[in-house]
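Engineer: sequence-free structure coming up:
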């Protein structure tokens, strides 16, 4: 017998996706540890190539670890700004691209490229599938966190090699995401970059048939 999902669940899932925004502006209020663990447990339900479960999660709790990550962002952000000119540079300089100074919870999510779990199934011809698996797990975590009112911000303006060194992670771990987690200052179903005029969403999804 196939599981039937009712229309309320279907529409609720779509609403959750609409309200899943990349949050940059956080309140500094702490996140309850039990709630955070409940959200992290969603990783255990995530799909992974060959059932390899290659995700590795580090929580940055010390002042020194957070300071190193923040300095990493500042340096990478300055380099990124230098790559723009004119109006785009002016707009970029006004964007808030990290909540690292306010977010009470900060997670570095890695992919273990050398894991023997899964015995390499599905990753022999496409080893990048392990990283895609980590992204899938992050997406589930993000939706679960949002369902509890938490916001998540993905910081991608970083030097991953430097962060790996600063956090002393194994050589075979590759950074996939640096996540800021906490209570958002405000809720919005519109991406912040769209509101700032950086880019617009596409309309209908183009689908090719061959």
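Structural biologist: Structure received. Treat the numbers as computed from the prediction; the structure is a model and nothing was measured.
Engineer: Which elements pack onto the biggest strand by length in the chain?
Structural biologist: When the chain is parsed with DSSP state E, its longest strand is strand 173-182. Where contact means 3 or more CB pairs under 8 Å, 6 or more residues apart in numbering; DSSP states H and E, strand 173-182 is packed against strand 105-112, helix 129-147, strand 151-155, helix 160-167. From N, CA and C alone the C-beta is placed, and that goes for glycine too.
Engineer: How about the residue nearest to the spatial centre of the chain, nearest residue that isn't a chain neighbour?
Structural biologist: If you average the C-alpha coordinates of the chain and look for the closest C-alpha using CA atoms, centre = their mean, you land on residue 154, 3.9 Å from that point. In this structure, residue 154 finds its nearest non-sequential neighbour in residue 177, 5.5 Å apart by CB to CB, 6 or more residues apart in numbering.
Engineer: Please give me every residue in contact with that neighbour.
Structural biologist: Contacts here follow CB atoms under 8 Å, 6 or more residues apart in numbering; on that basis residue 177 touches 107-109, 134-135, 138, 154, 156.
Engineer: Which of the residues you listed are buried, as a PyMOL select command?
Structural biologist: Here is the PyMOL selection string for the buried members of the contacts of residue 177, based on 16 or more other CB atoms under 10 Å:
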select buried, resi 107+108+109+134+138+154
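Engineer: want to throw the contacts of residue 177 into JSON lines with pLDDT and distance to residue 28?
Structural biologist: Formatted as JSON lines, the entries for these read as follows, by pLDDT from 0 to 100; distance: CB to CB, whole Å:
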{"residue": "107", "pLDDT": "98", "distance to residue 28": "17"}
{"residue": "108", "pLDDT": "98", "distance to residue 28": "20"}
{"residue": "109", "pLDDT": "98", "distance to residue 28": "22"}
{"residue": "134", "pLDDT": "98", "distance to residue 28": "28"}
{"residue": "135", "pLDDT": "98", "distance to residue 28": "28"}
{"residue": "138", "pLDDT": "98", "distance to residue 28": "23"}
{"residue": "154", "pLDDT": "98", "distance to residue 28": "20"}
{"residue": "156", "pLDDT": "96", "distance to residue 28": "23"}
